[in-house]
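Undergrad: What follows is a predicted structure for the sequence shown.
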Amino acid sequence: MSKSLQTAQQYWDERSELFGNYYKQPTTFDKIFRQGVYTREAVANKVCQEYQKPIILDIGSGPGFNSVSFLKNSSASNLIGIDFSINMIDYARELVKKELVDDRCQYIEGDFMTYDWSNTSFDITIALGVLDYTENASEFINKMDKLTTKAAVISWPENGLRMALRRYRYTCPVFHYSKQDIINLYSDCQLTDLQFIKSRGGWVTIAYK
């Protein structure tokens, strides 16, 4: 029997608690095979620490654990998280209250690509575990570019065994990228100082203006 296809929004709406446990209660399996999740968080934290009181946009903020980490490990003055899963948003709002950082952040339920950002800009934009589910990566990068004044951090999955397993298991579409794909995607934006950090199953990029 073929699996029933879902949108990424439907898929993650059903898995907010499960994904939260990757951070809150990681198993030995998580620590070994999802090591990239922790690598990309560490890279983003390092970038946040490079600036005094940065304003951060956490795209695809999920259950909020990354947001909490960015706020606690930097001097960030404000963070906005956006996610299209209402269950993820609810989870994140409760989490930041428990972690006593809710005075410096807010969460938006919505799609990053269609949300009206008006004249808003951010010192740092971060998209971890998002391009995996983004069909039009070029438009996504260009939108991040327009909103970013200092640095953008993005994680990218590569093709391989782990991606094959994800395609088999997941009920929503997933995408992968080569290093050259990523370079090409950045070619027509102002995020020109591009750095690659290898992580398990892909890369994390830092791009500066």
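TA: On my side now, so go ahead. Numbering: from 1, shown residues only.

Undergrad: Got the phi and psi for Ile152?
TA: Not Ile; residue 152 is Ala. phi -130, psi 140 (degrees, to the nearest 10).

Undergrad: got a pLDDT number for it?
TA: Ala152 is assigned 98 on the pLDDT scale.

Undergrad: Can you give me the neighbour number for it?
TA: If you count neighbours by other CB atoms under 10 Å, Ala152 ends up with 27. For the C-beta atoms, the positions are set from N, CA and C on the backbone; glycine is no exception.

Undergrad: contacting residues around it?
TA: Ala152 sits next to 124-127, 144-145, 191, 205-207 when contact means CB atoms under 8 Å, 6 or more residues apart in numbering.

Undergrad: out of the residues you listed, who's nearest Lys98?
TA: Ile126 (21.5 Å; CB to CB).

Undergrad: where does Arg162 land in three-state SS?
TA: helix (DSSP: H, G, I helix; E, B strand; the rest coil).

Undergrad: Verify the stated contact: it with Val174.
TA: No - counting by CB atoms under 8 Å, Arg162 stays clear of Val174, with 10.5 Å between them.

Undergrad: Could you check which helix or strand contains Lys46?
TA: helix 35-48 (DSSP states H and E).

Undergrad: Next, the buried residues of that helix.
TA: Within helix 35-48, the residues scored as buried using 16 or more other CB atoms under 10 Å are 36-41, 43-45, 47-48.

Undergrad: mind putting these in TSV, distance to Asp58 and pLDDT included?
TA: TSV is the format used below for the buried residues of helix 35-48 (distance: CB to CB, whole Å; pLDDT from 0 to 100):
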residue	distance to Asp58	pLDDT
Gly36	17	71
Val37	15	84
Tyr38	16	87
Thr39	17	92
Arg40	12	93
Glu41	11	94
Val43	14	96
Ala44	9	97
Asn45	12	97
Val47	12	98
Cys48	10	98
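
Undergrad: any idea which of these is closest to Lys98?
TA: Glu41 (18.4 Å).

Undergrad: Tell me, what's the model's pLDDT at Gln190?
TA: 88.

Undergrad: can you pull the contacts of it?
TA: Taking CB under 8 Å, 6+ apart, one finds 145, 209 in contact with Gln190.

Undergrad: Where does pLDDT dip in this protein?
TA: By pLDDT under 70, the weakly predicted segments of the chain are 1-34, 161, 163-168, 170-171.

Undergrad: State the distance from the most centrally placed residue in it to Ser187.
TA: Centroid-nearest residue in the chain: Leu128, 2.2 Å away (criterion: CA atoms, centre = their mean). Separation of Leu128 from Ser187 (CB to CB, to the nearest Å): 22 Å.

Undergrad: List the contacts of the helix holding Lys46.
TA: 22-23, 30-31, 54, 56, 65-66, 69-70, 73-74, 76, 124, 126, 128-129, 151, 153, 155, 197, 199-202, 204, 206.

Undergrad: of the residues you listed, buried ones?
TA: 22-23, 54, 56, 65-66, 69-70, 74, 76, 124, 126, 128-129, 151, 153, 155, 197, 199, 201-202, 204, 206.

Undergrad: still on that earlier bit, kindly export the helix holding Lys46 (C-alpha atoms) in CSV.
TA: In CSV, the C-alpha atoms belonging to helix 35-48 read as follows (Å, rounded to 0.1, in the frame of the first residue of the first chain):
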residue,chain,number,x,y,z
GLN,A,35,24.1,14.8,15.2
GLY,A,36,23.6,17.4,12.4
VAL,A,37,20.7,18.9,14.4
TYR,A,38,23.1,19.8,17.2
THR,A,39,25.9,20.9,14.9
ARG,A,40,23.7,23.4,13.1
GLU,A,41,22.5,24.8,16.4
ALA,A,42,26.1,25.3,17.6
VAL,A,43,27.0,27.1,14.3
ALA,A,44,24.0,29.5,14.6
ASN,A,45,24.9,30.2,18.2
LYS,A,46,28.4,31.2,17.3
VAL,A,47,27.1,33.6,14.7
CYS,A,48,24.6,35.1,17.2
